[in-house]
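K.L.:
no FASTA, just this:
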């Protein structure tokens, strides 16, 4: 088989990394269309960067990198992941941003050490029945896909601090989202939400909240908004009282939300 210059250059880098016992390897921006199978020989590798290439598939030998903790596959053309990837049990960070995935692989549920998972800019239309083994996950990015709904299991990812769901087609959210009590950043901009679950009021650690460009008229009754630093409600048909508070700024919205809990929002906003 005849391989192009990029492939041969990648093979050379792999051999050199093996000779030196390297723990990190960068094969980014090489115009690779195929990854050498020999990459599986780097059994001590901890970080691998394959971003900014033209990879459509990955060799099963990738699963031999059982010490791998960080894998960047962003900006490729990957549509299917090899089943062997489930063997990467030490993986803590995985980026598959800007690829061609149409389904979120179930094998990800075996990567129980994952702390960040980035799947923005794919072709996802739905999430699998369960990924609730990812209990250590702190950052989940699913923006710029075609998601219409979220499964209830997302509420089991109780260590989540950042959740990105912008630019999808979400019309409703599960009540279980309110179980993510460690969440600090929630981005749901550019969806089709008309209402929000009252359980979101349990998210007392929120610092950044983006609901811009939806179809919302109101917000849930947040029990504690003291940590909130940024709130974006632009492009929503907000009810008159909330719209007035939003014009006045974050403190006025916080007052509106506090008053909702006690049923005194009219007096508070008018005062």
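P.N.:
Noted; the coordinates are in hand. Small disclaimer: the values here were computed from a predicted structure and weren't measured.

K.L.:
I'd like to know how many residues surround residue 202.
P.N.:
By the criterion of other CB atoms under 10 Å, residue 202 has 19 neighbours. The C-beta positions use only the backbone N, C-alpha and C, and glycine is treated the same way.

K.L.:
I meant residue 19, not that one.
P.N.:
A count of nearby residues for residue 19, using other CB under 10 Å, gives 8.

K.L.:
From the chain's centroid, how far away is whichever strand or helix holds it?
P.N.:
With elements delineated by DSSP states H and E, residue 19 resides in helix 5-20, which encompasses its position. A distance of 32 Å separates the centroid of the chain from that of helix 5-20, by CA atoms, centre = their mean, to the nearest Å.

K.L.:
what's the answer for stretch 150-169, then?
P.N.:
Going by CA atoms, centre = their mean, where stretch 150-169 is centred and where its chain is centred differ by 8 Å.

K.L.:
cool, stretch 56-72 as well?
P.N.:
Averaging C-alpha positions (CA atoms, centre = their mean) puts stretch 56-72 20 Å from its chain's average.

K.L.:
Any buried residues in it, and which?
P.N.:
When neighbours are counted by 16 or more other CB atoms under 10 Å, the buried residues of stretch 56-72 are found to be 58-59, 61-65, 67-72.

K.L.:
Quick one: those residues as a markdown table, columns for secondary structure too.
P.N.:
Rendered in a markdown table, the data for the buried residues of stretch 56-72 read as follows (DSSP: H, G, I helix; E, B strand; the rest coil):
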| residue | secondary structure |
| --- | --- |
| 58 | coil |
| 59 | coil |
| 61 | helix |
| 62 | helix |
| 63 | helix |
| 64 | helix |
| 65 | coil |
| 67 | coil |
| 68 | coil |
| 69 | coil |
| 70 | strand |
| 71 | strand |
| 72 | strand |
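
K.L.:
From these, pick the one nearest residue 112.
P.N.:
Distances from residue 112 to the buried residues of stretch 56-72, taken as CB to CB, are shortest for residue 69 (13.2 Å).

K.L.:
which ones are touching that closest one?
P.N.:
The neighbourhood of residue 69, defined by CB atoms under 8 Å, 6 or more residues apart in numbering, consists of 46, 47, 90, 91, 92, 93, 113.

K.L.:
Distance-wise, check residue 195 relative to residue 232.
P.N.:
With distances defined as CB to CB, to the nearest Å, the gap from residue 195 to residue 232 amounts to 18 Å.

K.L.:
and what of residue 114?
P.N.:
Relative to residue 232, residue 114 is positioned 28 Å away (CB to CB).

K.L.:
ok, now how distant is residue 158 from residue 53?
P.N.:
35 Å.

K.L.:
try residue 40
P.N.:
Residue 40 is 17 Å from residue 53, where distance means CB to CB.

K.L.:
quick one, which of these two is more surrounded?
P.N.:
Here residue 40 and residue 53 are set side by side on neighbour count (other CB under 10 Å), and the busier one is residue 53, at 24 against 18.

K.L.:
Not counting its neighbours along the chain, what's nearest that one?
P.N.:
Of all residues beyond its chain neighbours, the one nearest residue 53 is residue 32 (4.1 Å), with distances taken as CB to CB, 6 or more residues apart in numbering.
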